[in-house]
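Visitor: structure of the sequence below:
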Amino acid sequence: MYYFNVNLNIPRRFSETMKMFSEKCYGPSSSRCINNHKPVRGWLLLHFAILISMTSVAIAKDLELLDLVHSEVGICAEINDLENKLDEIKDSKIVNRFCKSLIYQEWRSSKEYLKVQKGRKKIESIADRSINKIVADLFGKSTIIAFFPEDNNWDALLLTEAKDEETLKELINIWIETGSHETEELDFEGSSYHRRFRTDKDGSIIGSVYYIQHGQYFALSDSESRIQDVINLYTIAENDGVDSENFKRISLGCSEKYLSAKNSLAADCLATVYLNPDKIKHLIDRHLQNSKDFSSLLKTWNNLDSGIMGIRADKNSFAVNMSLIQKENSTTSPDNEFVKRMQGDSSFLSRVPQNALLAISGKIHLKNLESLVTELIENNEGSADNKKHGKRNNLENVRQVSRGLLLGLDLFDDLFPALKPDWGAYLVLKEKPDLKTIPVDGLIAFKLPENDTVIKNGGRISLKGAIDNGFNTGLNLLAAFYNSEKSGQPAVVRTEQSNASLLRWIDSIYSYLPSYGLNQQDLVIASHPDLIRNYVGNSSRVKKSSSQMLSDDPTLQIWMDKYSRKENQWVILNLNRAHSYLSKHREFFIQHFMQDEGASKEEASKEVKEMTSISGTFDLCLFGLHMDKNELQILFGVTCGK
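Guide: From the prediction side, this is the model:
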């Protein structure tokens, strides 16, 4: 708990109270003796401290540093136990890897780094201690940085609990004595605080900052009203208590909205950042209200109740959790059916090979993408031109073509709604890269419904039959188009059928083998039939990989166990795989940059070296999200293994 033992106005009130106390208890002449006799001063101070502690105990055990932030705050960042957490982080594998990276080493050789080092040495010289010691002494226990929107500007407030009172006073004195600033004492409702400022040539005051120090607590702001808010909050807490309605009404630490947002985060966050959208609304409105491109974003923002972000880390990993909470009965909240479809974990990750470069898995129903696809098609310049001349628009063209390919089924009305909300995609790197093609193969898979029959216009249509007809027709048209332009060996559509599984592909086209597969559960589309064979596990031609799946990777499992909450939509980038591939095929990528980008060998070598260095910083990079009726949870993180 963070608390003030006595009133914030003690520096000025102390001598007055001591004088009154001594005169009433020991006579009028006693006050003259106080300054001349140390035993008397010490004895009276002891009595005074006892009386003070008796009057302050009611709030001392309850008041926290965050309670002294006004609820009108727009953004508030809180860091606790910084001294110990910095010691843990600086020795972590993540920091060590980053310090060895080419980006960091190049920055150390830059002019910017030299400027930073010069400034650091100057500060250390003035303070007579290292910068790490300054941070630990001044901000090591607890620190809050708050921003308050005011018209077109922001007021800033810094609150900190230093290591101890003497160290804090020493650092404040060093700060006051540095530069050509002046300091004056001010008063607010009987409590004193200070202003530090400079005067212009004409005597006008410029560059004012306001601060108050008591014990090991320090508040600093560029706004006088924010320092007065701190004093006011403390005074109310002292007079009425932290449980009083008057205090709860204006204290961020007691705000139900803040506490509700904070409860969505884990307890071991290194730092938290709270967002109060209502207080920033006027600034967002001013910048976005006249922009049609951001109308949806503006509407969503105006329906946000709160947002909060928590930063977590250990020696091998780092993660940022974020929660965006919408107001009750928000007009932009998704419908219950949409949210219901998004619940549960996707089965896709359990079938992604461990050597995948990139994996994406989702629980979003494709039916919900209809409006997005429709908007993209209708916004096409051709659609506007067709509408102008009374022709059928591009969206209707797509629908009509799809009906012909899918045995009468409509792409948006029939196919998308029929597919399950469980899908995924991944990319793998080719074992033997070729300069004629991109060294990547890819696969995307969708879950099929248990009921294969779709009722359409009174008839019964097989969903798999419609999908097979559409893709088979598409492959044959693509092969025919290729053969019309190329001589030599023709592209031919091949078919492989085993039990309930069907696989079709074009055997030779543009150095790829576009393919699709169908079985009882899956629709799979890939750039090579071997990817589908491995995915469905139904081929005697290709030996099933003995390597584990990505979901079995211990590095991923450890990270998920520590940081994941409800997230079920994932994007996972395997940087460890990228790093090993770049290192193994260095010469290929040098040739690639020389051939495709016209780079010299020296430039290409530098580019590959930088890519290899960046990919070696982390093993995995992850992004996940989960949506409830009124809350969106977002997770981002990296890990360096065990």
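Visitor: what helix or strand does the most centrally placed residue in the chain sit in?
Guide: The chain has Val320 as the residue nearest its centroid, 5.0 Å off, counting by CA atoms, centre = their mean. Using DSSP states H and E, Val320 maps to strand 317-326.
Visitor: doesn't Glu88 fall inside a strand?
Guide: No - under DSSP: H, G, I helix; E, B strand; the rest coil, Glu88 falls outside any strand and is assigned helix.
Visitor: quick one: mean pLDDT over stretch 482-501.
Guide: Across stretch 482-501, pLDDT averages out at 88.
Visitor: same check on stretch 520-533?
Guide: Average pLDDT, stretch 520-533: 93.
Visitor: can we start the residue count at 549 from this point?
Guide: That works, and once the first residue is 549, the last one we named lands at stretch 1068-1081.
Visitor: need the contact partners of it.
Guide: Contacts to stretch 1068-1081, defined as CB atoms under 8 Å, 6 or more residues apart in numbering, come from residues 967, 976, 989-996, 1015, 1019, 1044, 1048, 1051, 1053, 1060-1066, 1083-1084, 1087, 1089-1090. Just so you know, the C-beta spots here come from the backbone N, C-alpha and C atoms, and that holds for glycine as well.
Visitor: ok, back up a step: hmm, the residue nearest to the centre of the chain is touching Gln1181, no?
Guide: No - with contact defined as CB atoms under 8 Å, Val868 does not reach Gln1181; the gap is 11.5 Å.
Visitor: show me what the nearest residue to the residue nearest to the centre of the chain once chain neighbours are set aside is bridged to.
Guide: Nearest residue to Val868, sequence neighbours excluded (CB to CB, 6 or more residues apart in numbering): Phe1184, at 4.8 Å. Taking DSSP bridges as the rule, Phe1184 bridges to Val868, Phe1171.
Visitor: burial of Phe1184, as a residue count?
Guide: Applying other CB atoms under 10 Å, we find 17 residues neighbouring Phe1184.
Visitor: that one and Phe1171 touch, don't they?
Guide: Yes - here Phe1184 reaches Phe1171: they are 5.2 Å apart, a contact under CB under 8 Å.
Visitor: low-confidence regions, the stretch 799-948 of the chain specifically.
Guide: Within the stretch 799-948 of the chain, the ranges that satisfy pLDDT under 70 run 833-846, 877-889, 916-941.
Visitor: again, 90 this time
Guide: Applying pLDDT under 90 to the stretch 799-948 of the chain picks out residues 812, 815-816, 825-853, 861-864, 873-899, 910-948.
Visitor: where along it do the strands fall?
Guide: Along the stretch 799-948 of the chain, counting by DSSP state E, counting those that start in this stretch, strands occupy 819-823, 852-861, 865-874, 906-910.
Visitor: Serialize those strands to CSV and add fields for distance to Ser1161.
Guide: Formatted as CSV, the strands of the stretch 799-948 of the chain follow (distance: least, CB to CB, whole Å):
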stretch, distance to Ser1161
strand 819-823, 28
strand 852-861, 22
strand 865-874, 18
strand 906-910, 20
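Visitor: those strands: which one's closest to Cys802?
Guide: Nearest to Cys802 among the strands of the stretch 799-948 of the chain is strand 819-823 (13.5 Å), distances taken as CB to CB.
Visitor: list the pairing partners of the closest one within its sheet, with orientation.
Guide: Under the criterion DSSP bridges, strand 819-823 sits next to strand 623-628 (antiparallel), strand 852-861 (antiparallel) in its sheet.
Visitor: can you tell me what sits against the last one?
Guide: For strand 852-861, the surrounding residues in contact (CB under 8 Å, 6+ apart) are 636-637, 640, 642, 805-806, 808-810, 812-814, 816-825, 866-876, 1110-1111, 1178.
Visitor: what distance separates stretch 954-963 from the centre of its chain?
Guide: Taking CA atoms, centre = their mean, to the nearest Å, one finds the center of stretch 954-963 at 38 Å from the center of the full chain.
Visitor: for that stretch, what is the average pLDDT?
Guide: The pLDDT scores in stretch 954-963 average 89.
Visitor: next, the buried residues of that stretch.
Guide: For stretch 954-963, the neighbour count (16 or more other CB atoms under 10 Å) marks Leu954, Leu955, Leu957, Asp958, Leu959, Phe960, Asp962, Leu963 as buried.
Visitor: again, but for stretch 636-652
Guide: So for stretch 636-652, counting by 16+ other CB under 10 Å, buried means Ile637, Ser640, Lys641, Ile642, Val643, Arg645, Ser649, Leu650.
Visitor: need the helices for the stretch 849-998 of the chain, in chain order.
Guide: Along the stretch 849-998 of the chain, counting by DSSP state H, counting those that start in this stretch, helices occupy 884-889, 918-926, 929-936, 942-953, 964-966.
Visitor: now do the fourth one: which elements does it pack against?
Guide: Packed against helix 942-953, as judged by 3 or more CB pairs under 8 Å, 6 or more residues apart in numbering; DSSP states H and E, are the following elements: helix 918-926, helix 929-936, helix 1011-1033.
Visitor: what sits up against the last one?
Guide: What that stands for is helix 1011-1033. 950, 953-957, 963, 966, 996-997, 1000-1002, 1038-1041, 1050, 1052-1054, 1057-1058, 1062, 1064, 1066, 1071, 1073.
Visitor: of these, just the buried ones, PyMOL syntax please.
Guide: PyMOL command restricting the contacts of helix 1011-1033 to the buried ones, with burial defined by 16+ other CB under 10 Å:
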select buried, resi 950+953+954+955+957+963+966+996+1002+1039+1041+1050+1052+1053+1054+1057+1062+1064+1066+1071+1073
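Visitor: which of the contacts of helix 1011-1033 fall in strands?
Guide: Counting by DSSP state E, those place Thr1001, Val1002, Val1041, Leu1050, Arg1052, Trp1053, Ile1054, Tyr1064, Leu1066, Leu1071, Ile1073 in strands.
Visitor: contacting residues around the nearest residue to Val617 once chain neighbours are set aside?
Guide: For Val617, the nearest residue in space outside its immediate sequence neighbours is Leu800; the separation is 4.2 Å by CB to CB, 6+ apart. By CB under 8 Å, 6+ apart, Leu800 lies in contact with Leu614, Asp615, Val617, His618, Ser619, Val621, Cys624, Ala694, Tyr806, Tyr822.
Visitor: which ones among the residues you listed map onto helices?
Guide: In this view, those that belong to helices under DSSP state H are Tyr806.
Visitor: mind picking the two most distant members of the contacts of Leu800?
Guide: For the contacts of Leu800, the farthest-apart pair by CB to CB is Asp615 and Tyr822; their separation is 13.8 Å.
Visitor: of these two, which one has the most company?
Guide: A count of neighbours by other CB under 10 Å puts Tyr822 above the other of Asp615 and Tyr822, at 24 against 20.
Visitor: quick check: closest non-adjacent residue to that one.
Guide: Distance criterion CB to CB, 6+ apart; nearest residue to Tyr822, sequence neighbours excluded, is Cys624 at 4.5 Å.
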